[in-house]
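Student: 3D, please:
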Amino acid sequence: MKDEKEHSVVPCASLQPASYGERLCSLKPDPVSRVVESLRSSVKYRYLCEATLTRMARWALERHASPKDAAKAAKSKLHQVYGAYMEPGTCERVARGVAALPEEELRVVCRRIMESHASTRERLADLEEIGLALADLVKPQGPVLDLACGLNPFALPWMNLSPELSYYAWDIDARLIGHIDTFLAGIGCPGEAVCRDVLAEPPDVEADVVLLLKALPCLEQQEAGASLRLLRGLSARVVVVSFPSRSLGGRGKGMADHYGAFMQGICGALDIEARILMWPSETFYILQR
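Tutor: Next up, the predicted model:
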């Protein structure tokens, strides 16, 4: 009889500890997650919606094998389509403006807020005329959906919308969207602000009018053909598209012709005509099915 101390145990294979390399591989994030994590660590881009960061990470990894190089490329693209327009401190100024609304006159505060963003700042000189002209031509009869809105919701006091009409604002910046949602609730405007990427999650909200103000150039810089795909998917009665007359650096040579030819191609592909309204800072195209 063998000594009881002398016995052998065959361990179950499923209980065998994984090797160090296997454990490391199982914990190591995939390249997309690594690039998204890098973007999320940036002060400039940490508040952008997850869909945008993931989309940008995949775009960059298609062009760069190294996650480090891909993260650098993704940050450069995000600056081009977002960061260059959102100046440092913008969200803080918006938050202070929204907080001041109960004590200060609505239009005064909204003008001050719109001065914080390059896109809306350019529109301020013509804001009154633009609001009246669009209200007369578009005549919203149902919900308004403002895509890639930036600070455009703060132009609501000039939009001449009926008080009962719902207004929905979409943008990729979660902090900005939070302030806009607070603003809409504070002025009693039906609707809401949503942090959503129109390229990753196309609109599924029923709207009578869709606004795409200075948005299409940024969408095209991210994905060629994105404008046509987005417009084809909209079921709104009217879509209002606009383009800047000058670049952020102040250059305007050839921009009107360039965007005019671009919209001519869009209208031809959609088989619709556009009414054109022009101001020194911006050109509007009203597409009505």
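
Student: make it CA atoms for all contacts and neighbour counts henceforth
Tutor: Noted.

Student: which residues touch residue 81?
Tutor: Residue 81 sits next to 218-219, 221-222 when contact means CA atoms under 8 Å, 6 or more residues apart in numbering.

Student: For ChimeraX, what selects the buried ones among those?
Tutor: In ChimeraX, this line selects whichever of the contacts of residue 81 come out buried by 16 or more other CA atoms under 10 Å:
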select :218,219,222
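
Student: Reformat the contacts of residue 81 as JSON lines; add secondary structure and distance to residue 144.
Tutor: Shown next, in JSON lines, are the contacts of residue 81 (DSSP: H, G, I helix; E, B strand; the rest coil; distance: CA to CA, whole Å):
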{"residue": "218", "secondary structure": "helix", "distance to residue 144": "21"}
{"residue": "219", "secondary structure": "helix", "distance to residue 144": "20"}
{"residue": "221", "secondary structure": "helix", "distance to residue 144": "25"}
{"residue": "222", "secondary structure": "helix", "distance to residue 144": "25"}
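
Student: these two touch, right, residue 255 and residue 246?
Tutor: Yes. Taking CA atoms under 8 Å as the definition, residue 255 is a contact partner of residue 246 at 6.8 Å.

Student: Now do the same for the closest residue to residue 230 other than its chain neighbours: helix, strand or coil?
Tutor: The shortest distance from residue 230 to any non-neighbouring residue, by CA to CA, 6 or more residues apart in numbering, is to residue 202 (7.0 Å). Judged by DSSP: H, G, I helix; E, B strand; the rest coil, the three-state class of residue 202 is coil.

Student: Could you count how many residues lie near residue 202?
Tutor: Residue 202 has 15 neighbours, counted by other CA atoms under 10 Å.

Student: Distance check, it against residue 275.
Tutor: 25 Å (CA to CA, to the nearest Å).

Student: Please apply the same query to residue 143.
Tutor: 21 Å.

Student: swap in residue 99?
Tutor: 38 Å.

Student: can you tell me the helix or strand for the residue nearest to residue 115 when sequence neighbours are not counted?
Tutor: Using CA to CA, 6+ apart and skipping the chain neighbours, the partner closest in space to residue 115 is residue 121 (4.6 Å). Under the criterion of DSSP states H and E, residue 121 resides in helix 118-123.

Student: quick one: that helix to chain centroid distance?
Tutor: 16 Å (CA atoms, centre = their mean, to the nearest Å).

Student: Repeat that for stretch 200-210.
Tutor: 13 Å.

Student: Averaged pLDDT, it. What do you get?
Tutor: Mean pLDDT, stretch 200-210: 92.

Student: got it, and stretch 126-142?
Tutor: 95.

Student: my guess is the residue nearest to residue 230 meets residue 229, correct?
Tutor: No. The criterion here is CA under 8 Å, and residue 202 misses it with residue 229 at 9.5 Å.

Student: ok so, going back, compare residue 143 and residue 275 (neighbour count), which wins?
Tutor: Taking other CA under 10 Å, residue 143 and residue 275 do not tie; residue 143 has more neighbours (21 against 11).
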